[in-house]
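Trainee: Model the following, please.
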Amino acid sequence: MDIGELIPEDDSVRLLNAVLERMDYRKLHAAYSRLGRIETPPKSLFKVLVYGYMNGIYSSRALEQACRRDVNFMYLLGRSSAPDHATIARFRSERLPSVMDDLFSQLVYYLAEAGELSLLNAFIDGTKFEANANRYSFVWKKSTQKNEAKMQAKMRVELPKIAAEFGLRFRVGEKIRAKDLKKLRKRLYVLKGDTKFVKGKGKRKTPLQRAVETVEGYLARQRRYDGHNHIFGDRNSFSKTDKDATFMRLKEDHMRNGQLKPAYNATIAVDAEYIVAAIISQERSDMATFIPIMEKLLPLGYTEPVADAGFESEENYTWCEENGQIAFIKPANHDRAKTRKYRSDIGKRENMPYDAESDSYICYAGNKIQAAYEKKAKTKSGYPTVTTVYSCAHCAGCPHKAKCIKGSSKIPLEKRSKNLHVSKTFQRRRAEMEVRINSEKGILLRMNRSIQVEGAFGVLKQDMGFRRFLLRGQVKVQTEFLLLAMAFNINKLHNKIRSGRCGAYLHNSKVA
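Mentor: Predicted structure coming up:
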């Protein structure tokens, strides 16, 4: 019996099979050892996984059951027997991570060759997906540093006394490290000789045994703190059950109390409703994910990225200029600047006239706020920034002071003066961006960003029911998300073919 006869001609499984048959699987075959027997062909397993994700089947056990009962999965397997759940799980977590980027890139290039991508506009946005980690297994950086500092202070008092008690030398530096504790423990064990340490209730421990146990306790804690600090990196938290996951604030709140949950930040670039690039990040904000996603888009030839206000920064503006990108990034104050409250705020720099000759701003009372000095700093990624600080010398006794100077400070209001922190490079580029996004083309692209990339996240989370990762670790999570993106793209291609919308890149605005 030919199983294919039971499947309609326009079924998505036929399109999936036709598209994936065009791919090069040499790297996937190289991920297997030459020793041993491959029971299910890797290409068939890959088809099964992608088709499962296309239909919201993510569990390896559910995929195994579908391979035994569903005609479409049997069609993809051909004459191969149905794989068990362990085979599917090992394939997804051990074989695919090293080759998934290549397979996803092949699909994107196939869509480009078919004329389905504009290769011009890339709509970028990010969202957060919950990690497969215990929601209460958090480790916080500030708490770790606080407890380590307390232990260091305690060791500085106790350890020199212990060393002096047994006639040993113990030098206390800026920080007592794990190797210092190991040296002290080794010297104490030399004094132990053949003496046996006692255990259990009713046994009296010798001073030497108590000293050794104290040092070993400190050593174990210091090793734990060192491990935690290494895992933190630039982050402020991580989960014990998935150390790559960072605690973030998610919109889907099962407790309804705004608590943080272990998650990953997923950033995608969409062109003509297809996902053409996707990255998984530990960053809580979208700002730091713009350059990594753009570096994936550069080989494809994209020159007009479109992003929301969360991606605005001087570093991102500079990168776009240096790489020939005509960006359409919505300024963070774009919407607020239109409100009456914002325009009537006398303390806002944007509402003050600027005198270019004297390089000063004119406040509401008519006094000059002049440039005082420059501050130089670097971002987390090493980008240098220069901020000019403007200060007013006429704030004493000003009747508008309460409305002009805002923000909490320990200094009383009567002793404070008006200061403005201005990055001239950033303000110039923001003004240019404001003009660009308000043009006819900018309005059209911003409308399409809302439709295409936010619509893609809506399909992934609501229609496909994907809200939490199954795998652990950033590399494996990246693999799982690319699988989801491939499934989304093939579903989108199938939808466009059936509705006759192939080759359509942008949605045009409709006027009632």
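Trainee: Show me which positions of the host helix or strand of Glu64 end up buried.
Mentor: According to DSSP states H and E, Glu64 maps onto helix 60-69. Buried positions in helix 60-69, judged by neighbour count with 16 or more other CB atoms under 10 Å: 60, 63-64, 66-67. In this view, the C-beta of every residue, glycine as well, is placed from N, C-alpha and C.
Trainee: just stretch 19-31 next, same as before
Mentor: Quick answer for stretch 19-31 (16+ other CB under 10 Å): 19-20, 25, 28.
Trainee: ditto for stretch 176-187
Mentor: Result for stretch 176-187 [16+ other CB under 10 Å]: buried residues 176, 178, 180-181, 184-185, 187.
Trainee: Out of the residues you listed, which comes closest to Ser409?
Mentor: Comparing the buried residues of stretch 176-187 against Ser409 with CB to CB places Ile176 closest, at 37.9 Å.
Trainee: for the closest residue to Leu45 other than its chain neighbours, what are its contacts?
Mentor: Leaving aside its sequence neighbours, Leu45 sits nearest to Phe91 (CB to CB, 6 or more residues apart in numbering; 4.9 Å). By CB atoms under 8 Å, 6 or more residues apart in numbering, the contact set of Phe91 is 42, 45-46, 49, 83.
Trainee: Check Phe247 too.
Mentor: 138, 237-239, 260-263.
Trainee: Okay, it and Tyr136: tell me how far apart.
Mentor: Using CB to CB, to the nearest Å, Phe247 is found at 10 Å from Tyr136.
Trainee: next one: Leu445
Mentor: 43 Å.
Trainee: The two: who's more crowded?
Mentor: Leu445 (20 against 11; other CB atoms under 10 Å).
Trainee: Do you know the pLDDT at the more buried one?
Mentor: In this model, Leu445 is scored at 95, pLDDT.
Trainee: same thing with Gly36?
Mentor: 65.
Trainee: Please apply the same query to Met255.
Mentor: So, for Met255, pLDDT stands at 69.
Trainee: In which helix or strand does the closest residue in space to Glu480 that isn't next to it in sequence reside?
Mentor: Spatially, and ignoring its direct neighbours in sequence, Glu480 is nearest to Leu471 (5.1 Å; CB to CB, 6+ apart). Using DSSP H and E, Leu471 sits in no helix or strand.
Trainee: how far away is the spatially most central residue of the chain from Phe247?
Mentor: Residue closest to the average C-alpha location in the chain (CA atoms, centre = their mean): Ser281, at 2.4 Å. To Phe247, Ser281 is 14 Å away according to CB to CB.
Trainee: got it, and Ser360?
Mentor: Here Ser360 is placed at a distance of 44 Å from Phe247 (CB to CB).
Trainee: which outside residues touch the helix or strand where Arg449 lies?
Mentor: With elements taken from DSSP H and E, the one containing Arg449 is helix 440-458. For helix 440-458, the surrounding residues in contact (CB under 8 Å, 6+ apart) are 121, 123-125, 127, 268-270, 272-273, 275, 304, 306-308, 328, 330, 436-437, 488, 506-509.
Trainee: Flag the shaky bits of the stretch 1-150 of the chain, pLDDT-wise.
Mentor: Of all residues in the stretch 1-150 of the chain, those with pLDDT under 70 make up the ranges 1, 35-36.
Trainee: for it, what spans make up the helices?
Mentor: Secondary structure of the stretch 1-150 of the chain (DSSP state H, counting those that start in this stretch): helices located at 12-21, 26-30, 42-54, 60-69, 71-77, 85-90, 100-113, 141-165.
Trainee: Can you say which of the ones you listed is nearest to Leu6?
Mentor: With CB to CB as the measure, helix 71-77 is the member of the helices of the stretch 1-150 of the chain nearest Leu6 (5.2 Å).
Trainee: other SSEs contacting that closest one?
Mentor: Here helix 71-77 touches helix 12-21, helix 42-54, helix 60-69, going by 3 or more CB pairs under 8 Å, 6 or more residues apart in numbering; DSSP states H and E.
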